[in-house]
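Trainee: show me the folded form of this:
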Amino acid sequence: MTTRETGDTVHTDVLVVGAGPGGGLLAHLLARAGVDVVLAEKQSTLERSFRGETIAARSVLTLRELGFESALREHGFVEMTGIGQWEKGRRVMHIDYRRFPIGAVPIDIPQPALIGAFLDGSAGYPNFTYMPQSNLTSLVEEDGEVRGGVLRRGDERVEVRARLVVGADGRFSKTRKLSGLAVDVQPMERDFLWFKLPRPDDWGHDGNLLASGDRHLVILPAFPDLLRVGYNLPKRGLADVRAQGLEAFKAGIGEVAPQLTDLVGEHITSWKDTSFLEIFTTDMETWSRDGLLLVGDAAHTCTPILGQGVNLAIQDAVYFCPVIARALREKEGALPAGVFDEVTAERRRHKTMVTRFQRFQEAALAHSSAAGTAMRRTRMRVINRLPFKYRLLDRVLNAPHDMDTEDLHARA
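Mentor: Numbering: from 1, shown residues only. Sure thing, here's the model as predicted:
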């Protein structure tokens, strides 16, 4: 079937809601597999005040195998060579990404460039339709099945009839809310303020986590010559931090990372130079119902630790695309939820492993007592000396290992 319009109704095979990394790549792969797909995005542009921009090594390799490397290199990116954890000015843990056997390292690239590469790659397929400024307002449901979605484009109402609606619309997913599927939202004890600073010439390409009591900073090299810095706040503590004033906020950063004092003093001149990120995780027993599937943050929100959110979304696209394409050929009408059970279980295992590691790290960073922080330092030093630490962390950072893009094409 070719995507077609009848009045204010669009008919297609798949409606993907949300043009983030997961939704953008999934729509591209479906179009490449011959599926008629509509990609709806509520924003008019791809720019955001905050987007995760670290692409994990597993996803770097996936994008390379899918043919996107030249587009990424044409734009440019920053390779991340490793990450270290620091306490009281001393490094207690270091991971050299170049020592993993995967053959790639994480990169930092602005998400508009990444998603733009997916959209550019999709534009040549006549079975691909991109609909920006299209806000999902309701699902079309018949006999207990999802048969499409209703989009609002300015003053225009567009009904998209589809055999599958994929919610890829992020951590505050409207599709998830409308789906009626049960979700377990777990707030973390702290939230984050993010900002960017110029990167000194001698800084290097390692990421760093600096901890002082229960305060910490995440400092990552960012494209083209920047540092992306995350500063933790108490949960629901943003109003209090702002009430104390910008100078007090900058002084707190300097206490944890004295090397940033001058840069912060010069370049953080108002709260508009920062972006707030609420930290929580979501878990769902079921990611699908008849005619609907959730992927990426819509199904499994993570914390920012290790930058795994984008990685999980990209791998969701790679795993689910061939299942969707095959089911569209073999089934009639709305795709039954059961066709996704095997892949959902596989993806949930990966996400659970990542979340377990993130919760362990978050709990360690929340220690404020002298005994708690001393235990944290000792634990990190012990892990750092383990001869098998790279094998252990490879499972978290570079999974999955059991599928590549050849398998993607084979399944499709």
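
Trainee: now do residue 313 against residue 170, distance only.
Mentor: Using CB to CB, to the nearest Å, residue 313 is found at 9 Å from residue 170. Yep, even glycine has a C-beta here, placed from its N, CA and C like the rest.

Trainee: among those two, which residue is more densely surrounded?
Mentor: Each of residue 313 and residue 170 has its neighbours counted (other CB atoms under 10 Å); residue 313 has more, 28 against 23.

Trainee: burial of residue 335, as a residue count?
Mentor: 27.

Trainee: distance of the closest residue in space to residue 232 that isn't next to it in sequence from residue 171?
Mentor: Residue nearest to residue 232 in three dimensions, not counting chain neighbours: residue 190, with 4.5 Å by CB to CB, 6 or more residues apart in numbering. Look at residue 190 and residue 171: by CB to CB, they are 16 Å apart.

Trainee: check residue 39 too.
Mentor: Look at residue 39 and residue 171: by CB to CB, they are 19 Å apart.

Trainee: quick one, which of the two is more surrounded?
Mentor: Neighbour totals were compared for residue 39 and residue 171, and residue 39 leads with 28 against 20 (other CB under 10 Å).

Trainee: biggest helix in this protein by residues?
Mentor: Longest helix of the chain, by residue count under DSSP state H: helix 341-365.

Trainee: contacting residues around that one?
Mentor: The set of residues external to helix 341-365 that reach it, using CB atoms under 8 Å, 6 or more residues apart in numbering, is 188-190, 211, 214, 216, 232, 281, 283, 286-288, 300, 302-303, 305-306, 308, 312, 315-316, 319-320, 323, 376, 379-380, 395-396, 399-400.

Trainee: buried stuff in the helix or strand just after it?
Mentor: Using DSSP states H and E, the helix or strand that directly follows helix 341-365 along the chain is helix 370-385. Judged by neighbour count using 16 or more other CB atoms under 10 Å, the buried positions of helix 370-385 are 373, 376, 377, 380.

Trainee: could you do stretch 335-348 as well?
Mentor: 335, 337, 339, 340, 343, 344, 347, 348.

Trainee: pLDDT averaged over that stretch, what's the number?
Mentor: Here stretch 335-348 scores 96 as its mean pLDDT.

Trainee: ok so, going back, identify the contacts common to residue 313 and residue 170.
Mentor: Common neighbours of residue 313 and residue 170 (CB under 8 Å, 6+ apart) are 20, 296, 297.

Trainee: got these as a markdown table, with secondary structure, neighbour count and pLDDT columns?
Mentor: Shown next, in a markdown table, are those (DSSP: H, G, I helix; E, B strand; the rest coil; neighbours: other CB atoms under 10 Å; pLDDT from 0 to 100):
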| residue | secondary structure | neighbour count | pLDDT |
| --- | --- | --- | --- |
| 20 | coil | 29 | 94 |
| 296 | coil | 29 | 96 |
| 297 | helix | 27 | 95 |
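
Trainee: ok, what's across the strand from residue 294?
Mentor: residue 167 (DSSP bridges).

Trainee: before we move on, what about residue 86?
Mentor: For residue 86, the beta-bridge partners are residue 91, residue 210 (DSSP bridges).
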